[in-house]
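Trainee: have a look; sequence and predicted model below, questions after that.
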Amino acid sequence: MNFKPENLIKLRSQLGITKAEAARRLNMSAMGYGRYEKGEREPSFQTVSFIALTFGTSTDYLYGMTNDPHAKSVTVEYDQNPELFDLIQAYLSDDNKAQRLLTYFKKLT
């Protein structure tokens, strides 16, 4: 698998952020980030995974295995968002709660 810098550029453009902002969100230097966009450096799989998680896409998109930039999964960590984690746990553990939560969600959206 080869990293596709053009997909990273498209994604950043769709997010409406600058290279400097992208680097800041990824907690890396602007120069290091720029090398990924220019194709001068191949990020590790761990870095690609972090980019995908941070920018709401998939590693498959960043590797050019799909043209769809939308993520197909979301990771929720208890330490970062305990309320959302508990909500998802309730949804997964009880069909009745799941139906009620879906009804509330549909009304909200």
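Mentor: All right, it came through fine.

Trainee: what comes up buried for the longest helix anywhere in the chain?
Mentor: The helix of greatest length in the chain, counted in residues with DSSP state H as the criterion, is given as helix 95-108. Along helix 95-108, no position meets the burial threshold by neighbour count (16 or more other CB atoms under 10 Å). In this view, the C-beta of every residue, glycine as well, is placed from N, C-alpha and C.

Trainee: now stretch 12-29
Mentor: Taking 16+ other CB under 10 Å as the criterion, stretch 12-29 shows 12, 22-23, 26, 28 as buried.

Trainee: show me which of those is closest to residue 109.
Mentor: Distance to residue 109 across these (CB to CB) is lowest for residue 12, with 26.9 Å.

Trainee: so what's the closest residue to the closest one other than its chain neighbours up against?
Mentor: By the measure of CB to CB, 6 or more residues apart in numbering, the closest residue to residue 12 outside its immediate chain neighbours is residue 22, 5.1 Å from it. Residues touching residue 22, when contacts are defined by CB atoms under 8 Å, 6 or more residues apart in numbering, comprise 12, 15, 33, 55.

Trainee: got the CA positions of stretch 96-106 in CSV?
Mentor: Coordinates of the C-alpha atoms in stretch 96-106 are reproduced here as CSV (Å, rounded to 0.1, in the frame of the first residue of the first chain):
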residue,chain,number,x,y,z
ASN,A,96,-35.4,-1.3,23.7
LYS,A,97,-33.0,1.5,24.7
ALA,A,98,-31.5,1.3,21.1
GLN,A,99,-34.9,1.9,19.6
ARG,A,100,-35.7,4.8,22.0
LEU,A,101,-32.3,6.4,21.4
LEU,A,102,-32.9,6.2,17.6
THR,A,103,-36.3,7.8,18.0
TYR,A,104,-34.8,10.7,20.0
PHE,A,105,-32.0,11.0,17.5
LYS,A,106,-34.3,11.2,14.5
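
Trainee: no further questions, thank you.
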